[in-house]
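Novice: Take a look and give me a structure for this.
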Amino acid sequence: MSIDELTNELERRLAYDGDLDHITLIESSGVIGRVAAIVLGILSLMIVILVPIIVTMEVIYICFPAIREKTNELITKLETKGADKRLLGIAFRDAKHAIEQVYCQGELNGTIGDMLWVYLKIKVKSVIFVFFLLSLVLQGGGYIIDLVWNLIGNFLERLFY
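Specialist: Residues are numbered from 1 along each chain as shown. Okay, here's the model as predicted:
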């Protein structure tokens with residue numbers, strides 16, 4: 001049975017006489033739960049794979065000015081052709097922000113190390129948030145979330161103080 005058939009059958013039985021077979025209800029909720037678990041598993045897998053790839057691309061973008069120039073040329077070409085550049089914009093957003101902070105605001109000396117430090121400050125927050133959401137999606141218990149939160153808090157405390 002498909003999900004649509006199950007939900008339609010449940011609606012029909014409730015609308016007809018209010019009588020609902022508990023076995024059908026349990027079977028339906030089991031199928032819907034399995035489908036939801038598969039979807040959440042695929043989303044979690046995408047997050048676990050895409051976040052390190054994006055971080056790697058941004059670090060390469062910061063460290064190698066030649067790649068930075070070619071990437072900017074590609075984004076310009078996409079803009080002139082009218083293509084959607086949101087994917088590249090999302091992938092390099094934090095790296096561009098770190099470079100702008102170093103160069104435009106004159107915050108630091110302008111070296112690659114300074115850019116990477118600013119990028120680390122920016123990216124730590126978003127990575128912590130993403131993996132916190134990932135732990136909630138994967139139904140990490142309160143103990144696991146407290147443990148992760150303590151580890152992150154201690155790491156940040158030692159890093160910045």
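Novice: what helices or strands is the strand or helix carrying residue 133 leaning on?
Specialist: Here residue 133, judged by DSSP states H and E, is contained in helix 112-137. Under the contact criterion of 3 or more C-beta pairs under 8 Å, 6 or more residues apart in numbering; DSSP states H and E, helix 112-137 touches helix 22-63, helix 93-104, helix 142-160. Every C-beta, even on glycine, is put in place using the N, C-alpha and C of the backbone.
Novice: And that helix, what's buried?
Specialist: 114-116, 118-119, 122-123, 127-128, 134-135 (16 or more other C-beta atoms under 10 Å).
Novice: just to revisit the earlier point, out of the helices and strands packed on helix 112-137, flag the one nearest residue 79.
Specialist: Among the helices and strands packed on helix 112-137, helix 93-104 comes nearest to residue 79, with 14.5 Å by C-beta to C-beta.
Novice: okay, now residue 101: neighbour count?
Specialist: When neighbours are counted by other C-beta atoms under 10 Å, residue 101 registers 18.
Novice: So it versus residue 114, what's the distance?
Specialist: Using C-beta to C-beta, to the nearest Å, residue 101 is found at 9 Å from residue 114.
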